[in-house]
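In: pasting a predicted model and its sequence here:
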Amino acid sequence: MHSNHLLLEEPVRMASVLEPSKPSYFPAMTKIVGTLGPKSRSVEIISDCLKAGMSVARFDFSWGETEFHQETVENLKIAIRSTKNLCAVMLDTGGPELQVVNKTEHPISLEADSLVVLTPDQNKEATSNLLPINFGGLSKAVKAGDTIFIGQYLFTGSETTSVWLEVTEMNEEDVVCLIKNSATLSGPLYTLHVSQIRIDLPTLTDKDKEVISTWGVRNNIDFLSLSYTRHAEDVRHARDFLSKLGDLNQTQIFAKIENIEGLTHFDEILQEADGVILSRGNLGIDLPPEKVFLFQKAAVYKCNMAGKPAVVTRVVDSMTDNLRPTRAEATDVANAVLDGSDAILLGAETLRGLYPVETISIVGKICAEAEKVYNQDLYFKRTVKYVGEPMTHLESIASAAVRAAIKVKASVIICLTSSGRAARLISKYRPTMPVISVVIPRLKTNQVRWTFTGAFEARQSLIVRGLFPMLADPQHPAESTSATNESVLKVALDHGKAAGVIKSHDRIVVCQKVGDASVVKIIELED
Ligand SMILES: Nc1ncnc2c1ncn2[C@@H]1O[C@H](COP(=O)(O)OP(=O)(O)OP(=O)(O)O)[C@@H](O)[C@H]1O
Ligand SMILES: CC(=O)C(=O)O
Ligand SMILES: [K+]
Ligand SMILES: [Mg+2]
């Protein structure tokens, strides 16, 4: 994979563009989060999604009943067992999302240049002139001339399913708007977006809390995707809420930055969150189009330097109905990887699209190609410089492991870890080879029962670029005596060989504890 490594900053022979990609066991180092829904909920389709490279399943509670999502997650569990592909679970909150409610589900045609009234009276039926919404404060939040955008499944940008409105006047709680483009809204609900307006609703709504404490607890969610995160306080509040829900004190919080308010507080949010989702669907509406790329590059860079996963959304919208992405979309996926993203999040494409499996597969292939030309050397130096000196011992060990692996052309890095911290730090230095993170369970007690840690830590690495987790047998306690380390390492090597990533005569870099000391060692396999 790195033998014919090209650098975009150097002249690339045109012929190399045509060289076929070598088959590889790992589809890509960049991870794929797939949203599961109506078109991706059978055991068969989910199994195919896993085989195509999906490693995190997202459940979007902006829509759908809890029972519906429960059936889907049960099918996911069956698919994981039968394919033996690990997959983490992400719960995406509804948050303070404004929605148009269409109880009858009849399609609604909106004509350019006519007027439509938005009303908080949800008992009214949705028609071409009247749209009930789920928020009473809109008439106080907007003023004449403001822009409102309404779209099904969040802003695909398609002219026929989304509509722009201009506020003309307020009539008590109602808002009267001029329709700017003709469109037909179909389905039970659409998201409503008012550009650059603060919506005075809590980030974690009562409904979100209910869903997290029932569905979330029942399914041991690995990630909480916190929609419309606007302040660091939102993350702290969610963390406090999770801490009281048993095992969910281990759930990681990914802050979704989806409006200018979140962008403004990006640095403080990043400090509190475990990772960030660049929600380009919403943010792409709030920001002028010519600024979207700049936000992406700046935000991904900050996440990279903090060593926290960055997830990019809305890459191949057109694949919702088509078997191939547009050139702009294909290029965009590659650029997200070159910018340093950890994962790509697919929404409508897998949720309600016609080609969920093909979408995952093609996105994975584009990521893999982009990884080959990623300027690891430049990135590594920049990160070392940014972190400065003195480095923490662990970070110094982690970066040394990556450097050694590249110098000796190791095929993989194996990292023994319990907390997952060391493996994440290795990923931070963006090795060009996969990292097998061997999560060693630790016995813990909450005064009621004894359990092993490790499962959350292993699944949570499924969103981190380059990490491929393996859960060690709890019979190997985490004491890290040399005997247990050796036997764990042997299992990891066997696993890598069986998977085809490790071959005879390969060099492998191992990061582990020996006694109290962290060490990096290089081993060369014989046969
Ligand atoms: N159970 C283990 N056996 C051998 N080496 C380990 C083990 N756990 C971690 N290491 C190694 O110890 C170093 C510290 O890593 P990390 O912070 O992930 O350790 P941890 O045990 O998971 O957490 P901590 O020691 O901070 O509670 C790394 O070099 C890592 O590879
Ligand atoms: C995924 C999402 O919520 C967005 O892109 O806005
Ligand atoms: K959501
Ligand atoms: Mg969004």
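Out: Yep, it's here. Numbering: from 1, shown residues only. Ligands and ions are numbered 1, 2, ... in the order given.
In: isn't Ser361 up against Lys51?
Out: No. Assessed by C-beta atoms under 8 Å, Ser361 is found out of contact with Lys51, at 9.0 Å. Any C-beta I mention is one placed from the backbone N, CA and C, and that applies to glycine too.
In: of those two, who's got more company?
Out: Ser361 (19 against 15; other C-beta atoms under 10 Å).
In: just list the residues touching the closest residue to that one other than its chain neighbours, thanks.
Out: Spatial nearest neighbour of Ser361, chain neighbours left out: Ala52 (4.3 Å); criterion: C-beta to C-beta, 6 or more residues apart in numbering. Residues near Ala52 by C-beta atoms under 8 Å, 6 or more residues apart in numbering: Pro27, Val357, Glu358, Ile360, Ser361, Gly364.
In: thought Ile87 was touching Leu50?
Out: Just so we're on the same page, residue 87 is Cys rather than Ile. Yes. With contact defined as C-beta under 8 Å, Cys87 reaches Leu50; the gap is 5.9 Å.
In: which neighbours do the two share?
Out: Ala79, Ile80.
In: what's the most distant pair in the contacts of Ala52?
Out: The span of the contacts of Ala52, defined through C-beta to C-beta, is set by Pro27 and Glu358 at 13.3 Å.
In: okay, those two: which has more neighbours?
Out: Pro27 (20 against 17).
In: quick check: the more buried one vs Arg58, distance?
Out: Distance of Pro27 to Arg58, given as C-beta to C-beta, to the nearest Å: 18 Å.
In: swap in Ala79?
Out: Using C-beta to C-beta, Ala79 is found at 15 Å from Arg58.
In: of the contacts of Ala52, closest to ligand 3?
Out: Set against ligand 3, the nearest of the contacts of Ala52 by C-beta to the ion is Ile360 (20.0 Å).
In: what about the closest one, neighbour count?
Out: For Ile360, the neighbour count with other C-beta under 10 Å is 28.
In: same check, this time on Lys140
Out: 11.
In: kindly report the same for His231.
Out: The number of residues packed near His231 is 17, by other C-beta under 10 Å.
In: okay, it: pLDDT?
Out: If you check His231, the pLDDT there is 97.
In: same question for Leu154.
Out: On the pLDDT scale, Leu154 is placed at 48.
In: host element of the closest residue to ligand 2 within the chain?
Out: Nearest residue of the chain to ligand 2: Gly281, at 2.8 Å (C-beta to the nearest ligand atom). Per DSSP states H and E, Gly281 falls inside helix 280-286.
In: next one: Glu395
Out: helix 393-407.
In: who touches that helix?
Out: Helix 393-407 has contacts (C-beta under 8 Å, 6+ apart) with 2, 376, 380, 383-384, 387, 391, 410, 413, 415, 421-422, 425-426, 428-433, 509, 511, 518-520, 522.
In: if we go to 7 Å?
Out: With C-beta atoms under 7 Å, 6 or more residues apart in numbering as the contact definition, helix 393-407 has outside contacts at 380, 384, 387, 413, 421-422, 425-426, 428-429, 431-433, 509, 511, 518, 520, 522.
In: in PDB, list the C-alpha atoms belonging to that helix.
Out: Extracted in PDB, the C-alpha atoms of helix 393-407 (Å, rounded to 0.1, in the frame of the first residue of the first chain):
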ATOM      1  CA  HIS A 393       5.600  10.200  27.600                       C
ATOM      2  CA  LEU A 394       2.700   8.500  26.000                       C
ATOM      3  CA  GLU A 395       2.500  10.900  23.000                       C
ATOM      4  CA  SER A 396       6.200  10.600  22.500                       C
ATOM      5  CA  ILE A 397       5.900   6.800  22.500                       C
ATOM      6  CA  ALA A 398       3.000   7.000  20.100                       C
ATOM      7  CA  SER A 399       4.600   9.300  17.600                       C
ATOM      8  CA  ALA A 400       7.800   7.300  17.800                       C
ATOM      9  CA  ALA A 401       5.900   4.100  17.000                       C
ATOM     10  CA  VAL A 402       4.500   5.700  13.800                       C
ATOM     11  CA  ARG A 403       7.900   7.100  12.800                       C
ATOM     12  CA  ALA A 404       9.500   3.700  13.300                       C
ATOM     13  CA  ALA A 405       6.800   1.900  11.400                       C
ATOM     14  CA  ILE A 406       7.200   4.100   8.400                       C
ATOM     15  CA  LYS A 407      11.000   3.900   8.500                       C
END
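In: no further queries at this time; thank you.
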